[in-house]
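[1] Sequence and predicted structure below; questions after.
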Amino acid sequence: MDKIKELHQAALTGFERAYAPYSNFYVGAAILSTDGNIYTGCNVENVSYPCGSCAEQNAIGAMITGGGKKIKAILILAEGKDLIKPCGACLQRIQEFSDENTTIFLADKSGIKQTLSLAELLPHGFAEKDLKHD
Ligand code: THU
């Protein structure tokens, strides 16, 4: 199976395992790290709503825990009325482990529907250089 198909399959597994009894909005995410491994995440909600976490966040956690360092591509999958886009907080989280070559695939169950760069989705994100001061 080619890597992109594998990435979609991994995100689909995440989608199917998502725990979202409050929003009923199920999200799967899968990361292809620069060393060629795939890490999966899903959204995990909580009765105390702010305690819930996003699929991308959990996929990043899996990547770091698994020894991955950088995101080559991330695929986010949901079945909303419109195509899913990562939330603002997750764009910031993705940026932390990305560079200008990082690809974001937006997908539904049937396949990838849109391919974007992180710069297109987050053109002015807060970055390490912004921490510098005199
Ligand atoms: N959600 C994600 O998992 N990723 C996103 O980028 C957008 C939103 C989840 C959070 C919550 O469990 C549900 O979708 C509805 O907001």
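    All right, it came through fine.

[2] Please make it C-alpha for all contacts and neighbour counts, starting now.
    Noted.

[3] And Lys85, how far from Asp108?
    Applying Cα to Cα, to the nearest Å, the value for Lys85 to Asp108 is 11 Å.

[4] neighbour count winner among the two?
    For Lys85 versus Asp108, neighbours defined as other Cα atoms under 10 Å are more numerous around Asp108 (23 against 17).

[5] Assign the residue nearest the centre of the chain to helix, strand or coil.
    Nearest to the geometric centre of the chain sits Glu56, at 3.2 Å (Cα atoms, centre = their mean). With DSSP: H, G, I helix; E, B strand; the rest coil as the basis, the three-state label of Glu56 is helix.

[6] And for Val47?
    coil.

[7] what's near enough to touch it?
    Tyr22 (Cα atoms under 8 Å, 6 or more residues apart in numbering).

[8] my guess is Ala29 is in a strand, correct?
    Yes. Counting by three-state DSSP, Ala29 is found in a strand.

[9] Return the residues in contact with it.
    10-12, 14-15, 40-42, 55-56, 59, 74-77.

[10] Next one: it from Cys51, what distance?
    From Ala29 to Cys51 the distance is 19 Å (Cα to Cα).

[11] Isn't Ile74 up against Asn101?
    No. Using Cα atoms under 8 Å, Ile74 makes no contact with Asn101, being 11.5 Å away.

[12] just the helices in this protein please.
    3-17, 55-66, 88-96, 118-121 (DSSP state H).
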